[in-house]
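Engineer: here is a sequence with its predicted model. Questions after.
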Amino acid sequence: MKTELSNVKALIFDYGGTLDTRGRHWAHVLWEAFTKNNVPVTEEQFREAYVYAERTLGKNPIIQPEDDFRALLQKKVNIETQRLVELGYWSTTEDDRLQKTTSVAQYCYDYARTTVQESKNTLCQLHKVY
């Protein structure tokens, strides 16, 4: 079946995971960042902290309108690493936790920037038609 696109006036993309992570769920990107930064927890332990952070951010006004994406990631990863320590899954110094929090957030930020740039090229091509 051939699809007729001549009547299409706009295309809508879901930003979360579509244009910023190549279709990967953010949990997978974050887990990759945790492993690359040698945070010594299991994927199951990480997942528990990830869900906790998502719920915490959903219930509390932690992310502010003036926060940019890097600040959002820093706050999110901070909640996750704090939770891992609170649960006893990760025994570390506060300095090490903060350093790894920043490194994980930066990895994710860089990943998203690269992916968004790739998406931008595709969107520019689509913009010529739509």
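Structural biologist: Great, that's in hand. Residues are numbered from 1 along each chain as shown.

Engineer: where does the chain dip in pLDDT?
Structural biologist: Applying pLDDT under 70 to the chain flags residues 1-3, 15-16.

Engineer: which one's the longest helix in it?
Structural biologist: Using DSSP state H to assign secondary structure, the helix with the most residues in the chain is helix 94-127.

Engineer: what is it packed up against?
Structural biologist: If contacts are counted by 3 or more CB pairs under 8 Å, 6 or more residues apart in numbering; DSSP states H and E, helix 94-127 sits against helix 26-36, helix 69-86. For glycine as for every other residue, the C-beta is placed from the backbone atoms N, C-alpha and C.

Engineer: now these in JSON lines, with mean neighbour count and distance to Arg55?
Structural biologist: Supplementary listing: the helices and strands packed on helix 94-127 in JSON lines, determined by neighbours: other CB atoms under 10 Å; distance: least, CB to CB, whole Å:
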{"stretch": "helix 26-36", "mean neighbour count": "18", "distance to Arg55": "13"}
{"stretch": "helix 69-86", "mean neighbour count": "19", "distance to Arg55": "10"}
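
Engineer: ok, which of the ones you listed comes nearest Thr114?
Structural biologist: For those, distance to Thr114 was read as CB to CB. The smallest value, 11.4 Å, belongs to helix 26-36.

Engineer: remind me what the closest one packs against, helices and strands.
Structural biologist: Going by 3+ CB pairs under 8 Å, 6+ apart, helix 26-36 lies up against helix 43-59, helix 69-86, helix 94-127.

Engineer: any idea how far the residue nearest in space to the middle of the chain lies from Ala71?
Structural biologist: Centroid-nearest residue in the chain, with CA atoms, centre = their mean: Trp26, separated by 4.4 Å. From Trp26 across to Ala71, the span is 16 Å (CB to CB, to the nearest Å).
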